[in-house]
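S.K.: I'll drop the sequence and a predicted model, then ask my questions.
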Amino acid sequence: LRQCRPCASKKMQHIKFGGPQMAMNFAVLCGWGGSKLKNVSKYAELWHRIGWRTATIEMTMDMTFYPAYWTKVREVARIIANKCHAHRLSQGPTAKLVSHAFSNGGTFMQLSILEEGTGVRFDGAVYDSAPSRQIRFLPAAAPLVIASSNKPCDELLRDIRRHVPYALAATVASAFIDMPPPLGLFSKLFTPEGNAPRPELFVYGERDRMIPPSHVESFVRLRKSHGCHVHVLGPLKDSPHCEHGRTYSMEYEHAIERFARVVAAGQQASNANDQIQRTKPASLIP
């Protein structure tokens, strides 16, 4: 597998901080696989408008599918974990931390942050178009993610050349050895020990071709059994994967605002299946 290793970048431009400097609460936005800061940052604006400070993280294709020791995943996770720890110290024990993860790639970063051993815990979690069912052969998803990324043809070909050899090799190897982080952390998402129960908001589409709604709904039922108090926005009609903030902008913003109030107040939902459905599309995040 080491023969597939990419050249490491000398620059680190995967994190962006924003929002009110002295905000009491802090949201960590973990981008989808192949995401770019400029796109994930549009969702950070929703948190800024309700007075939260944010850290936005992009998950490049390399960071999503290659072993963490080949990329900047561990460095990024360590920076964010330390920032969360410092925020809690500076703002006091009532300060709240929320993870906002997009697709499976975002959950990889969420879990990587929790692995850093600084005692970081999230008081709430938002899952946008995530997660898929618990599977072992995650490296094989790389070609599908690349093909659906809407990149120019030259970039698609470049990513395919870089990732398909490792995806094939790692998929075969995973039948015999445990996958390294971040892919190897995915199973922890499905256990209360690796992913502590908390209030959680799920946003997902009715016809998501990347992660079908049945996968998300199965995870919702699992998290309820773990003791989580669940809020749901979905299944949203005609809303593509990780684009719910664009197709249902008002509903999305209201769901985030409502959930943030619940977390900030330390409250739990009176209805564990607080389901909200809308069909009228809007446009806030282009």
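M.R.: Yep, that arrived.
S.K.: ranges for the helices of the stretch 1-150 of the chain?
M.R.: 37-49, 61-65, 73-91, 103-114, 142-147 (DSSP state H, counting those that start in this stretch).
S.K.: so for the fourth one, mean pLDDT?
M.R.: Read it as helix 103-114. On average, the pLDDT along helix 103-114 is 97.
S.K.: list the buried residues for the host helix or strand of R261?
M.R.: If you go by DSSP states H and E, R261 is part of helix 249-265. Residues S249, E251, Y252, E253, A255, I256, R258, F259, A260, V262, V263, A264 are the ones in helix 249-265 that count as buried (16 or more other Cβ atoms under 10 Å). Yep, even glycine has a C-beta here, placed from its N, CA and C like the rest.
S.K.: same thing with stretch 88-99?
M.R.: R88, Q91, A95, K96, L97, V98, S99.
S.K.: look up how far A196 lies from the nearest residue to the first one once chain neighbours are set aside.
M.R.: So the one you mean is R88. Counting by Cβ to Cβ, 6 or more residues apart in numbering, R88 lies nearest to A95, which is 5.3 Å off, once chain neighbours are set aside. Distance from A95 to A196, counting by Cβ to Cβ, to the nearest Å: 17 Å.
S.K.: one more: Y69?
M.R.: When Y69 is compared with A196 (using Cβ to Cβ), they lie 26 Å apart.
S.K.: please apply the same query to Y66.
M.R.: The separation that Y66 has from A196, given Cβ to Cβ, amounts to 27 Å.
S.K.: what does T64 give?
M.R.: On the measure of Cβ to Cβ, T64 and A196 end up 24 Å apart.
S.K.: likewise for H241?
M.R.: On the measure of Cβ to Cβ, H241 and A196 end up 27 Å apart.
S.K.: and P152, by the same measure?
M.R.: The value you get for P152 to A196, if Cβ to Cβ is used, is 41 Å.
S.K.: which one of these two has more residues nearby?
M.R.: Taking neighbours as other Cβ atoms under 10 Å, P152 and A196 compare with A196 leading, 15 against 9.
S.K.: and that one, helix, strand or coil?
M.R.: coil (DSSP: H, G, I helix; E, B strand; the rest coil).
S.K.: is it correct that it is in contact with R121?
M.R.: Yes. Taking contacts as Cβ atoms under 8 Å, A196 lies within contact range of R121: 6.3 Å.
S.K.: how far away from the center of its chain is stretch 97-104?
M.R.: 4 Å (Cα atoms, centre = their mean, to the nearest Å).
S.K.: ends of stretch 227-243, what's the gap?
M.R.: With Cα to Cα, to the nearest Å as the measure, stretch 227-243 spans 29 Å from end to end.
S.K.: that one: which residues count as buried?
M.R.: Counting neighbours by 16+ other Cβ under 10 Å, stretch 227-243 gives 228-236, 239-242 as buried.
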